[in-house]
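1. Need a 3D model of the following:
(one chain, ligands or ions: 3)
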Amino acid sequence: MSRDAVPHYLPDGPIPRHVAVIMDGNGRWAAGRSLPRHEGHWEGMKAVREVIEGSVEAGIEILTLFAFSTENWQRPEEEIRALMTLLKIYVEKEQDELHEKGVEVRVLGDLDRMDPEARDAVECIQRVTSGGDQLRLNLMISYSGRADILRATRILARKVAAGEIAPEEIDSKALSGALHTGGLPDPDLLIRTSAEFRISNFMLWQLAYTEFHITPCLWPDFTREDLFHALAEYQRRERRFGRVSAG
Ligand code: IPE
Ligand code: IPE
Ligand code: MG
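-> Ligands and ions are numbered 1, 2, ... in the order given. Next up is the predicted model:
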């Protein structure tokens with residue numbers, strides 16, 4: 001079905017509990033306008049707002065946004081600084097409204113690599129929004145899927161070494177529980193903007209049976225209608241989990 005044939009409003013049908021998004025294309029958005037890359041990141045904040053509001057409207061329980069990867073630390077210092085500043089501005093500007101909307105924010109990743117001011121901003125938004133029951137928002141910062149699995153492995157290995165669990169007790173549930181997303185269901189739907197057909201070291205364990213929606217839309221241009229379009233497409237999928245078709 002072509003994009004225009006899909007109604008641009010909230011689709012009727014099962015809504016995914018957990019939606020994850022690889023927010024990509026900020027640099028290309030800026031380059032297309034002969035602007036510096038940080039302008040694209042700044043503009044991307046609007047899309048973050050759109051997708052949060054759209055998620056609350058749609059009744060999504062958990063929204064996970066990939067904001068900065070472990071590998072993104074290899075970007076030029078100036079761009080990293082701009083992104084960390086943006087995080088602080090985002091927290092200052094949005095935390096009260098997020099709290100009012102009932103959005104509970106958690107920031108997941110290797111936060112020790114962040115500067116103290118950025119860490120303070122993270123603590124602040126988590127504290128202010130704590131207890132929100134409309135949407136759980138995970139901001140994945142300084143995060144990668146492999147680092148998440150390695151960290152979980154160490155947590156479990158320490159428990160074995162301490163005699164708290166037997167090696168045989170390390171199963172899927174135990175490993176899932178030791179990840180940053182421990183206690184949350186795996187994403188049902190992954191959206192990646194800017195037409196890259198790769199996973200870029202995002203939630204490698206958690207995405208095992210997630211449906212993928214890849215759109216050419218650059219992240220700063222992404223609206224709640226684009227989210228609803230992705231939900232409509234999700235509703236046409238048949239999730240088989242390795243079994244045979246139900247019909
Ligand atoms: C996504 O946009 C934001 C981050 C990875 C921090 P990019 O900055 O990757 O934008 P492109 O892919 O260069 O267009
Ligand atoms: C993935 O985008 C990371 C985030 C969106 C935060 P990248 O732009 O870093 O990924 P690659 O380099 O194109 O794979
Ligand atoms: Mg990119």
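2. Show me where this protein has its helices.
-> 26-31, 37-58, 77-101, 116-129, 145-161, 172-178, 224-235 (DSSP state H).
3. which one of the ones you listed lies closest to residue 190?
-> Judged by CB to CB, the one of the helices of the chain that comes nearest to residue 190 is helix 224-235, at 9.5 Å. Backbone N, C-alpha and C define where each C-beta goes, glycine included.
4. the inter-axis angle of the closest one versus helix 37-58?
-> With axes from the mean of the first three to the mean of the last three CA atoms, to 10 degrees applied, the angle from helix 224-235 to helix 37-58 works out at 60 degrees.
5. which residues touch helix 224-235?
-> 3, 6-11, 13-16, 19, 50-51, 53-55, 57-58, 188-189, 191, 211, 213, 215, 217 (CB atoms under 8 Å, 6 or more residues apart in numbering).
6. hmm, try it at 6 Å
-> Outside helix 224-235, the residues within contact range by CB atoms under 6 Å, 6 or more residues apart in numbering are 6, 8, 10-11, 13, 16, 50-51, 54, 189, 191, 211, 213, 217.
7. next one: stretch 91-99
-> By CB under 6 Å, 6+ apart, the list of residues contacting stretch 91-99 reads 121, 124, 125, 128, 129.
8. filter these by proximity to ligand 2?
-> Contacts with ligand 2 are made by none of the contacts of stretch 91-99, judged by CB under 6 Å from any ligand atom.
9. Got the confidence number for the most centrally placed residue in the chain?
-> In the chain, the centroid-proximal residue (CA atoms, centre = their mean) is residue 65; its distance is 2.1 Å. Looking at residue 65, its pLDDT reads 99.
10. Quick check: the gap between it and ligand 1.
-> Residue 65 sits 10 Å away from ligand 1, going by CB to the nearest ligand atom, to the nearest Å.
11. From what I see, residue 68 and residue 140 are in contact.
-> No: using CB atoms under 6 Å, residue 68 is not in contact with residue 140, being 7.6 Å away.
12. Please identify which of the two sits among more neighbours.
-> Between residue 68 and residue 140, residue 140 has the larger neighbour count (other CB atoms under 10 Å), namely 26 against 23.
13. And the more buried one, how far from residue 148?
-> Distance from residue 140 to residue 148, counting by CB to CB, to the nearest Å: 9 Å.
14. picking up where we left off before, buried subset of the contacts of stretch 91-99?
-> Buried by 16 or more other CB atoms under 10 Å: 121, 125, 128, 129, out of the contacts of stretch 91-99.
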